[in-house]
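> This is a predicted model, with the sequence first.
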Amino acid sequence: MKKSFFKLLSKLNSKVLPSLTKEGVDLEKASKLQMAIFAYKLWVTKNALD
């Protein structure tokens with residue numbers, strides 16, 4: 001159940017949250033909000049793949 005929840009959350013995130021790589025955001029120059037979004041999306045992706 002956990003894996004299916006994170007897969008659903010990942011699909012929802014891809015539709016709602018901005019794609020930082022498509023915007024060309026440099027992670028060294030990213031704002032704290034952009035870094036938080038990146039970390040959250042990374043956490044969801046990691047849990048969806050486990």
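Looks like it came in fine. Given the structure is predicted, the values throughout are model-derived calculations rather than measurements. Numbers count the residues shown, from 1 in each chain.
> Now stretch 18-30: average pLDDT?
Averaging pLDDT along stretch 18-30 gives 82.
> in this structure, which spans are helices?
For the chain, the helices defined by DSSP state H cover 2-16, 20-23, 32-49.
> Spatially central residue for this structure, please.
The centroid of the chain falls nearest to K41 when counting by C-alpha atoms, centre = their mean (1.7 Å).
> Now that residue. Nearest residue, chain neighbours left out?
The shortest distance from K41 to any residue other than its chain neighbours is 5.8 Å, reached at N13 (C-beta to C-beta, 6 or more residues apart in numbering). Just so you know, the C-beta spots here come from the backbone N, C-alpha and C atoms, and that holds for glycine as well.
> residue contacts, the one you found?
By C-beta atoms under 8 Å, 6 or more residues apart in numbering, N13 lies in contact with 40-41, 44.
> With distance to D26 and pLDDT as new columns, can those be given to me in TSV?
Below are the contacts of N13 laid out as TSV (distance: C-beta to C-beta, whole Å; pLDDT from 0 to 100):
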residue	distance to D26	pLDDT
Y40	19	92
K41	17	89
V44	22	92
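> With distance to L8 as added columns, please give these in CSV.
Listed next are the contacts of N13 as CSV, based on distance: C-beta to C-beta, whole Å:
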residue, distance to L8
Y40, 15
K41, 14
V44, 10
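> quick check, nearest of these to F5?
Minimum distance to F5 across the contacts of N13 is 9.8 Å, recorded for V44 (C-beta to C-beta).
> And F38, how far from M1?
For F38, the distance to M1 (C-beta to C-beta, to the nearest Å) stands at 26 Å.
> So for those two, which residue has more residues nearby?
Neighbour count, other C-beta atoms under 10 Å: between F38 and M1, F38 has more, with 16 against 5.
> who's in contact with the nearest residue to the more buried one once chain neighbours are set aside?
In this structure, F38 finds its nearest non-sequential neighbour in L20, 5.7 Å apart by C-beta to C-beta, 6+ apart. Neighbouring residues of L20 by C-beta under 8 Å, 6+ apart: 27, 30, 34, 37-38.
> Understood, closing this out.
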